[in-house]
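Visitor: Sequence plus the predicted model coming up.
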Amino acid sequence: MEYLYAIILFAISSSVTPGPNNIMVMTSGVNFGVKKSLPLLSGICIGFAFMLLLVGLGFSRLFEWFPALHMIIKCAGVLYLLYLAWLIARSAETQDTDSQGEPLSFLKGALFQWINGKAWVVATGAIAAFTTVGSGVDTQTMLIATTFLLVSFPCVGVWLLFGSLLKNWLNSTASRKRFNLAMAGLLVISVLPVLKEIVVQLSGPMTTL
């Protein structure tokens, strides 16, 4: 049971702490409400659990065979997060129009996990910490993925509920715009460590010439 408790505590701490997923969910709650944001919430939670399962079953070995693939995913993730930050920053401009736009879909929430830097760190960290080679790794991986699936819904859902509560307070275009700009800024900040890592990796071979 101690093993399971350890996984649960890790899942809670990593799911409820700030990150791109939670920022997107809260922003969606502010701009679209809980009901319209449920597909995004479900996509994030189910998509991450599925990603973690595949990583544990050996998907990460592809990066050992094709190192360039990892760099491509990192670059794509940075560009997509910056694009999302831009969309969030300008979303308040359409609040007073009939075509307010739509929140991210279930599929987009699920696919986003593959280019989410924090998701990769948590997934690989969970597999490394809570599996033992030669001791039912597949079963352990399924247990970890299932735990994250069950835990992430309430943990990420808290951010969605918080966003929906903020929606009642941010009832003016100006206040909504300030909030969206702040969330866009947080997304950009979350990208900076990955961007720095990309620059270091790309410039490394050149500096040795």
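Guide: Looks like it came in fine. Here the structure is a predicted model, which means the values were calculated and not measured.

Visitor: ok, the closest residue to C45 other than its chain neighbours - contacts?
Guide: If you skip the residues right next to it in sequence, C45 has S152 as its closest partner in space, 4.3 Å away by C-beta to C-beta, 6 or more residues apart in numbering. From N, CA and C alone the C-beta is placed, and that goes for glycine too. Each residue near S152 by C-beta atoms under 8 Å, 6 or more residues apart in numbering is listed here: 11, 15, 44-45, 48-49.

Visitor: Just the element for S152, please.
Guide: Using DSSP states H and E, S152 sits within helix 137-169.

Visitor: For that helix, what is the distance to the chain centroid?
Guide: Mean C-alpha position of helix 137-169 versus that of the full chain (C-alpha atoms, centre = their mean, to the nearest Å) differs by 11 Å.

Visitor: next structured bit after the helix or strand of the chain with the lowest mean pLDDT?
Guide: Ranking every helix and strand in the chain by mean pLDDT, DSSP states H and E puts helix 61-65 at the bottom, with a mean of 71. Downstream of helix 61-65, the first helix or strand assigned by DSSP H and E is helix 67-91.

Visitor: next helix or strand past that next one?
Guide: Downstream of helix 67-91, the first helix or strand assigned by DSSP H and E is helix 106-112.

Visitor: which other residues reach that next one?
Guide: Contacts for helix 106-112 (C-beta under 8 Å, 6+ apart): 20-21, 24, 39-44, 46-47, 50, 80, 104.

Visitor: of all those, which comes closest to R178?
Guide: Closest to R178 out of the contacts of helix 106-112 is M24 (17.9 Å), distances taken as C-beta to C-beta.

Visitor: Would you mind measuring from that closest one to L57?
Guide: Applying C-beta to C-beta, to the nearest Å, the value for M24 to L57 is 27 Å.

Visitor: Next: S203.
Guide: 34 Å.

Visitor: Which one's more surrounded, these two?
Guide: Under the neighbour definition other C-beta atoms under 10 Å, S203 and L57 were set side by side, and L57 has more, 15 against 10.

Visitor: pLDDT wise, what is the more buried one at?
Guide: On the pLDDT scale, L57 is placed at 85.

Visitor: Tell me how far it lies from F32.
Guide: Between L57 and F32 the computed distance is 35 Å (C-beta to C-beta).

Visitor: same deal with K167?
Guide: On the measure of C-beta to C-beta, K167 and F32 end up 9 Å apart.

Visitor: who's more crowded, the two?
Guide: Shown here are K167 and F32; by other C-beta under 10 Å, F32 has more neighbours (20 against 17).
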